[in-house]
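Chemist: Task: produce atomic coordinates for the following.
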Amino acid sequence: MDAAVKKLALRMFTYGLYVVMCAEGDEVNGFTANWLTQVSFEPPMLAVSIENMSKSLPMILRSRTFTVNVLSAGQRGKKLAGDLGKSALKRPDKMSNIRYSIVNQVHPILQEGLAWVACEVQHTIPAGDSTMILAEIVDAGVLAEGQSLTMAEADFRHAG
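Modeler: The predicted structure is shown next:
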């Protein structure tokens, strides 16, 4: 397989750009995610793929909860995606300027997002350098109207 052609083809897939947030005790982390999709209506479920070397994955596996926040299209959404796209292991202060609240004592909600869904982990599946998490949506909220940020608009170019 030609690696350059594969990368070009994968970059043509369309993706939303979201912020997955997790909390464990007093510690909160968030990261930009695009490998995410709804997988079931009843019960409402989604799947997200998280890099194995991330700070958030072990937090989510221990707490068994996380929140998906929908970013808004436009400059503010791009800035948040960029800020939260940095590794917390390399930038431990990356959450210092991020405004969020905690719902139900365990679900961090990005205050500048459009909407959010709170999830409980049901299954995990090894997926190469990542772990796929299948989760049930247990709560949801809409904070504002608007268009969702996409990978194309943010000009992110992530493809293996």
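Chemist: got the CA coordinates for the strand or helix carrying residue 5 in CSV?
Modeler: Using DSSP states H and E, the element containing residue 5 is helix 3-10. The C-alpha atoms that make up helix 3-10 are tabulated as CSV, following Å, rounded to 0.1, in the frame of the first residue of the first chain:
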residue,chain,number,x,y,z
ALA,A,3,1.4,5.3,2.5
ALA,A,4,0.9,8.8,0.9
VAL,A,5,-2.1,7.7,-1.1
LYS,A,6,-3.6,6.1,2.0
LYS,A,7,-3.1,9.3,4.0
LEU,A,8,-4.6,11.4,1.2
ALA,A,9,-7.7,9.1,1.0
LEU,A,10,-8.2,9.1,4.8
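Chemist: Contact partners for the most centrally placed residue in the chain?
Modeler: Against the mean C-alpha coordinate of the chain, by Cα atoms, centre = their mean, the closest residue is residue 20 at 2.9 Å. Going by Cβ atoms under 8 Å, 6 or more residues apart in numbering, residue 20 touches 30-31, 33, 36, 48, 50, 56, 66-69. Bear in mind the C-beta positions are built from the backbone N, C-alpha and C, glycine included.
Chemist: In helices only, show me the residues you listed.
Modeler: residue 56 (DSSP state H).
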